[in-house]
Structures are given as structure tokens and as C-alpha cells.
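A.B. asks: Take a look and give me a structure for this.
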Amino acid sequence: MLVQRLSIGLFIIPITTVLVCLGVAIALNIYEPCNPFINGCYTISRIGRSHPGILIFKPMMLITAILIIAYSFEHVRIFKKFLISKIYLNLILLFSFISATCLLTYILFLGVEGSEVWKFMRRGGIFIYIISLVFTQFFVALSYMKIKDDYQVIVSSKAIKATFYHSLMIVIFGFVLFLFTNRFLQLTTWNTRIIIEWNYFLFISLFFLNSYFIWKRINATN
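C.D. replies: Below you'll find the model as predicted:
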């Protein structure tokens, strides 16, 4: 089923890419061995822009941007059959398009030395990318909630609930971090902030793994 393949791809590719780039940097003695999820040793951007990891990071993130668009269009195609509100469908497409565009902006400016404008485009790109992806996930999960009771033959109600509450936690946690960013950053170390970055990245990626388990039958939406 296409939607499941897209889901598992969006879970595996970003995480695998970053870890492979980190592994390459460690193998070449560019960085010291560490667990960034626990130690907060290196930012994701730092790993992504390091040579030769950048040669892996950029094309794989480009694929990720394409998969985000495909994932959203496939869900909209499916949800249309279940008469989900057009408002939800349009929001899924809107946020996924913004997310993919900002990820491409981030990729374009990653590793490029230039003016402060260039730095802003890179940092702003990844920030808006994350926000838009979070809202894409939320409206996908919300749309699934609309069909969980009427179509239990083809979808798992438990998986839908898990996916929805997962996305809700991502939104709430992200909102809290954004709301208290300045104050919070003053109270935490640089390593702590990186630990939060890595684990939030993992938490967002796990949403796609959850959505993989929603559909019970391969031919349900063909």
C-alpha cells in the first residue's frame, strides 16, 4: 500500500541519514564518538554540513522533501473517499507544501558561507519546516480520527488513537518550547538544548511509524 510505504520511508530515511552521517564523521575521526540523544554532543545541522557527510545528507533530505509532498497528496486522495472536510484536506496540503519548501531552503543554504541573510534563510528554513511538518501530521491524525469508528474493518482504531495523541503531544511540546524559548535557553546548557533537538526530531519521525500501522488491509484504498 503506497501510503504505508511513504510512512515507513519518512520514518527510516531522515533518521538513518543523520546517523549514517554521524557514523561516517566518527569513522573518519572528524568527531569523537558519542550518543547525541543522551549526550547532546553535536547538532543535526553540524553533522549534516560536515564533509563528506553533506554529500549524503543533502540528497537524502531532498528525497525526504519529495516524500512529504507525496505522503500528503496520497492521504488527501484517500480522505476524499471518506468525505473528510475540505478544510482539513487543504490544510494538509498547505502545511506539507510549506514544510517541503522550507526543507529545500534549508538544504540549499546548508554549508554555504555567506551573509547574515543566508544564515537567516538556513535557520529560518529549518524552523518553519519543523512547525509546518508538525501541523501536517496533526491534521492527518485529526482526519483519521474522523473515520476510526465507521471503518474499523480497514483501519485500526487503536493505532489511530495512538497516532492522534502522539501528534497532539508533539504540538503541545513544540508550543511550550516556542513559548518559553528565551527564558528556557537561559536556564539550560548548550548540550541540553541539543539533546532536546535530537529527541524532538526522533519524536516527530516516530509519528510516521505510527501511521504505518493504521491500515489493516493492503488493498483497502485502491
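A.B. asks: Any stretches of this protein with poor pLDDT?
C.D. replies: For the chain, the stretches with pLDDT under 70 are 113-123, 179-188, 217-222.
A.B. asks: now the strands: where do they sit in it?
C.D. replies: Counting by DSSP state E, the chain has no strands to list.
A.B. asks: Regarding it, what is its longest helix?
C.D. replies: If each helix of the chain is counted by residues according to DSSP state H, the longest one is helix 116-147.
A.B. asks: Go through it and flag the buried ones.
C.D. replies: For helix 116-147, burial by neighbour count (16 or more other Cβ atoms under 10 Å) applies to 121-122, 125-126, 128-144, 146-147. Yep, even glycine has a C-beta here, placed from its N, CA and C like the rest.
A.B. asks: Next: stretch 81-96.
C.D. replies: In stretch 81-96, counting by 16+ other Cβ under 10 Å, buried: 84, 88-89, 91-93, 95-96.
A.B. asks: Could you do stretch 154-167 as well?
C.D. replies: 155-156, 159-160, 162-164, 166-167.
A.B. asks: Tabulate those residues (JSON lines), appending distance to Val76.
C.D. replies: What follows is these, written out as JSON lines (distance: Cβ to Cβ, whole Å):
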{"residue": "Val155", "distance to Val76": "16"}
{"residue": "Ser156", "distance to Val76": "21"}
{"residue": "Ala159", "distance to Val76": "20"}
{"residue": "Ile160", "distance to Val76": "17"}
{"residue": "Ala162", "distance to Val76": "22"}
{"residue": "Thr163", "distance to Val76": "17"}
{"residue": "Phe164", "distance to Val76": "18"}
{"residue": "His166", "distance to Val76": "21"}
{"residue": "Ser167", "distance to Val76": "17"}
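A.B. asks: wait, which of these is closest to Trp215?
C.D. replies: Distance to Trp215 across the buried residues of stretch 154-167 (Cβ to Cβ) is lowest for Val155, with 6.0 Å.
A.B. asks: That concludes my questions; thank you for your assistance.
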